[in-house]
Structure formats: structure tokens, C-alpha cells
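Colleague: next come a sequence and a model predicted from it.
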Amino acid sequence: PQQGAAMQAGLAHEGLQHGRRCVQVGDDPIAQRVDNLDVLRVLARQGVRFPAHGGDPACFPVQGDGGGLFDDEPTASDTDERINRAEVDRHARPQSHDTCPLPEMPPVFPQYCVPRARRGSAAMTLRPELLTCLGSACQGRSQADRRPHIMTDTTGEVPRILDVPIGLDVTGTRRESDSLGGVDVPANRYWGAQTQRSLEHFNIGNDRMPKEVYHAYGYVKKAAAVVNTTAGYMPEWQGQLIQRVCDEVISGALDDEFPLSVWQTGSGTQSNMNVNEVISNRCIQLVGGTLGSQQPIHPNDHVNMGQSSNDTFPTAMHIAGYTMAADKTIPALEALRDACERKSRRWADVVKIGRTHLQDATPLTVGQEWSGYVGALDDVIAEVAHTTRGLLALAMGGTAVGTGLNAPPGFGEQVAAEISAMTGAAFETAPNKFTAQATLDRMVRAHGGLKAAAVTLFKIANDLRWLGSGPRAGIGELILPANEPGSS
């Protein structure tokens with residue numbers, strides 16, 4: 001049962017809800033993640049029907065031996081033939097999660113409970129403890145019109161959105177769950193199981209993930225919700241609710257809910273899930289639901305729909321880096337440049353002695369000296385602007401490894417367009433998702449531009465330090481404003 005539960009949650013996270021027609025077992029790393037357990041055997045024991053005739057060959061394609069699918073252990077070729085024709089039972093009736101055999105599991109797909117597998121026309125009885133809830137990504141639709149199931153409550157009613165301020169005035173702990181099981185989290189926090197696991201396992205130092213990354217993630221999740229809602233992958237009320245909470249993330253109103261260290265897995269999975277869980281539970285609060293229930297807004301099925309940590313985290317990094325450079329760094333450099341230009345003009349007629357290696361040289365004006373600072377700052381401003389423009393290319397849409405598996409066609413382009421409209425910056429989808437996800441070259445070049453700016457600033461600061469030395473026994477050409485008493 002534990003393996004079946006882990007597989008069911010993994011399938012729900014990686015495949016069934018994200019815009020592909022069906023789970024493509026042959027291309028999916030899920031099997032390796034559960035010690036190469038036969039994915040299809042687990043699906044059969046979870047209640048998927050595999051008819052002897054008919055079926056949609058697009059569903060559940062496999063590669064290699066599929067032996068062990070049924071209790072009577074057919075041959076590999078027999079099993080492969082059935083699998084290639086397999087489809088999820090088109091006649092399953094919606095049931096509440098309470099009727100599922102494993103009610104303690106997170107209700108990933110509570111509206112579908114398929115009770116048994118079938119071989120041909122004769123139903124086969126499977127061990128009840130292995131049966132679990134499984135949603136159909138292929139149920140009753142043509143191949144041209146396959147879309148992820150809309151996850152909502154079993155009644156289909158649109159909940160009333162409450163005007164509830166941010167905050168949880170409770171004490172103690174709350175039980176949250178993920179594919180590994182249950183975790184106790186502080187009851188006054190919005191985050192969930194995966195965030196809590198990261199806090200416990202990566203409790204290293206005081207270096208926290210910059211808040212700017214989470215603000216950028218707000219744009220990522222909001223844009224994805226807009227695209228998924230427009231495409232009909234989730235009801236309008238769900239998309240609008242997620243967008244509302246994303247605005248809270250972008251504004252910084254939820255900053256206290258993002259406590260993770262920079263020391264975590266390389267793909268940024270914990271930060272991605274931190275954002276997903278916080279948005280999910282805040283949405284649940286706004287509809288008067290139970291935090292931790294993951295209903296009616298699921299952190300994976302809804303907030304993370306069509307996405308992976310491997311494409312969202314590089315996207316958030318690029319948004320954060322470009323936004324900070326464009327909104328803060330470049331304006332600050334321009335302000336310093338303009339101040340230096342004013343000094344250059346003011347002191348255009350003040351003659352001073354020039355120096356090389358602190359030795360007296362030929363004369364020049366103070367205005368000429370400061371014009372050198374102006375020109376240097378012009379250069380670094382252009383360099384920072386040039387190198388950070390590379391951050392406008394976004395990895396979004398590549399999902400796990402750059403292939404776009406489980407994201408609908410055009411998803412990356414559409415999300416990039418939404419992010420561009422929201423931020424006012426010319427973000428666009430990266431032309432090659434494999435490059436965008438497998439390298440950080442554009443980030444490195446952006447860092448190079450910032451380092452070039454730092455070198456120029458360091459030179460100017462050192463000049464001011466020397467020229468303002470004294471005032472009684474130093475060079476003393478500049479009068480620096482006093483801002484502290486000095487050494488104690």
C-alpha cells in the first residue's frame with residue numbers, strides 16, 4: 001500500500017493533471033524514483049482497467065517488458081499488447097473521497113474512485129488494500145480535445161471568496177502531507193509538508209533565499225494561472241483566486257512565509273513547493289476551507305499546473321535578476337553618474353596637480369578628473385544593461401528536462417507573454433529550453449556585468465578615500481562630510 005500510495009501521488013504530481021493526454025510511462029522518470037517498480041502493475045492494482053479489445057493507443061504507452069500486470073502473470077508480449085490498447089475506465093462514476101479504500105491518503109483525485117481492473121469482459125478481483133483513488137486524464141474525450149481534469153469539489157459549486165486578512169491566529173501544529181506522508185507544521189504558517197521538511201533537513205546557517213526570488217515566483221505562478229484558466233484547464237474562479245494570492249506574494253505581504261535557506265536541492269524544488277504550498281493554503285483560507293486539506297486549491301494540481309521546479313526556478317531567477325538590475329542597480333548607477341557630472345561642471349575651472357602612482361604629475365582641472373568618473377560610469381551602465389538583457393529569455397515551458405512534458409503546446413510562450421505584460425519588461429520564451437535549463441550562462445554573464453560595475457565603483461571610492469585623506473596631514477583635496485565620530 002505504501003508503494004502504491006507513493007506512486008499514485010507521484011503520478012498525480014508529474015503526469016495526470018498537467019496538459020498531456022495521458023501519463024507517458026516510457027519517458028517518465030517516475031519508475032526510477034520508486035526503485036524501478038513496474039508502473040503499470042501499480043496502476044492495475046490501483047484500479048485502472050485494461051480492456052482486451054479497443055482502447056486508445058495514445059494512453060499509457062510503454063517501452064520494454066510490462067510483465068506482472070495481472071495476477072495471472074501473462075507473458076511479456078501479451079501484456080505489452082494489452083498495454084498498448086489500454087485506457088482508463090470510461091464508465092467510472094464520481095464518488096466522494098470517503099468511499100476510497102485509503103482515506104488516510106491525500107485526496108489527490110477525490111472525485112474518481114475506480115474500484116477494479118478488468119481483463120476482457122471478466123472483472124478481476126484485486127487485493128482491496130492496494131486499491132486507491134486515481135483520476136483519469138483520458139476519460140471520455142477525443143484525442144484532439146484531451147485536457148487535464150478540472151479539480152474542484154464534487155458538487156461543482158463555486159465557493160464564496162471571503163475577505164480574510166493575511167495571518168493565522170492559531171497555536172500548535174497542523175498536519176500536512178505530501179507523497180512521503182504526513183508532517184507537522186506550525187499552525188500559524190501557510191507553508192506545507194515539503195517546506196517543513198526542507199527547514200528540518202537543510203537547517204544550515206542564516207543565508208536565506210532572497211525575497212526577490214519569491215516575488216518573481218509570484219509573477220510565474222500568476223502568469224501560469226492566467227494561461228491555464230484561459231485554456232480551460234481550471235475553472236475561472238480557481239484561476240482568479242490563485243492570481244489574487246499571487247499579487248500578495250508579489251507585493252511582499254507574504255514574505256514571512258518564505259523561510260528557506262539557500263542551501264537546498266540544486267533545482268530549487270523546496271522554494272518552488274514553498275510558493276505552491278503557501279498559495280494553496282492562503283487560497284483555502286479565502287474560501288473558508290481547511291488548511292492542509294489541499295482542497296479546493298492543490299499546490300501541485302493547480303498552483304504548479306504545467307510546471308516543474310526545473311523550469312520555474314530558472315525563470316524566477318531571471319525575473320528577479322533582471323528586475324533588480326533594471327529597477328534598482330541601473331537607476332542607482334545613473335544617479336551616481338549624474339551627480340558626478342554635476343561636480344565635473346561645477347569644478348571645471350579648478351586646477352589641481354595630477355598624480356601617477358601617488359607621485360606629482362602634470363596639472364589638470366578637477367572637472368576633467370571627474371569627467372573620467374562620468375565616462376567610466378557610462379561604460380558600466382551600458383555593460384550592465386547589455387549583460388542583463390540576456391535574462392529576458394525564460395526557461396518556462398521546458399518542465400522537467402526541457403522537453404515540455406506535461407505542459408500544453410505554447411505554454412512557455414504564453415506564460416512569458418503574460419509575465420512581460422505584468423512586469424513591463426520584454427520577457428520572452430527561451431529559444432532552446434535545454435540550454436535554458438542545463439546552463440546558467442546568461443546568469444554568469446549578468447554577474448560579469450555587475451562585477452565590472454563593482455570594479456569601477458571600487459576605483460572611484462578609492463580615489464575619494466585618498467583625495468579626502470587628512471584633513472590635517474593627508475592630501476585633503478576633497479572635504480568629505482563627517483558621518484561618524486571615528487575610531488573609539
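Modeller: Sure, I can see it.
Colleague: longest helix anywhere in the chain?
Modeller: Longest helix of the chain, by residue count under DSSP state H: helix 441-467.
Colleague: which positions in that one come out as buried?
Modeller: 442-443, 446, 449-450, 453, 456-457, 460, 463, 467 (16 or more other Cβ atoms under 10 Å). (C-beta placed from N, C-alpha, C; glycine too.)
Colleague: can you check stretch 195-207 too?
Modeller: For stretch 195-207, using 16+ other Cβ under 10 Å, the buried residues are 195-199.
Colleague: next: stretch 309-329.
Modeller: Within stretch 309-329, the residues that count as buried by 16+ other Cβ under 10 Å are 309-326, 329.
Colleague: how about stretch 176-185?
Modeller: Neighbour-count burial for stretch 176-185 [16+ other Cβ under 10 Å]: 176-179, 183, 185.
Colleague: check stretch 290-303 too.
Modeller: So, applying 16+ other Cβ under 10 Å, buried residues of stretch 290-303: 291-303.
Colleague: nearest to Ala223 among those?
Modeller: Nearest to Ala223 out of the buried residues of stretch 290-303 is Val303 (Cβ to Cβ; 12.2 Å).
Colleague: which residues does the residue nearest to the closest one when sequence neighbours are not counted contact?
Modeller: Spatial nearest neighbour of Val303, excluding adjacent residues (Cβ to Cβ, 6 or more residues apart in numbering): Asn276 at 4.4 Å. Taking Cβ atoms under 8 Å, 6 or more residues apart in numbering as the criterion, Asn276 is in contact with 221, 299-300, 303-304.
Colleague: sort out for me which of the buried residues of stretch 309-329 are in helices.
Modeller: Among the buried residues of stretch 309-329, the members that lie in helices (by DSSP H) are 309-324.
Colleague: what sits up against the helix or strand hosting Leu377?
Modeller: If you go by DSSP states H and E, Leu377 is part of helix 366-388. The contact list for helix 366-388 (Cβ under 8 Å, 6+ apart) reads 321-322, 325-326, 329-330, 333-334, 336-337, 340-341, 343-352, 354, 445-446, 448-450, 452-453, 456-457, 459-460, 463, 477.
Colleague: cool, and stretch 451-460?
Modeller: Counting by Cβ under 8 Å, 6+ apart, 329, 333, 340, 373, 376-377, 379-381, 383-384 sit against stretch 451-460.
Colleague: need the residues you listed in CSV (columns: pLDDT and distance to Asn206).
Modeller: Shown next, in CSV, are the contacts of stretch 451-460 (pLDDT from 0 to 100; distance: Cβ to Cβ, whole Å):
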residue, pLDDT, distance to Asn206
Thr329, 98, 24
Leu333, 98, 29
Cys340, 98, 36
Tyr373, 98, 36
Ala376, 98, 35
Leu377, 98, 34
Asp379, 98, 36
Val380, 97, 31
Ile381, 98, 33
Glu383, 98, 32
Val384, 98, 29
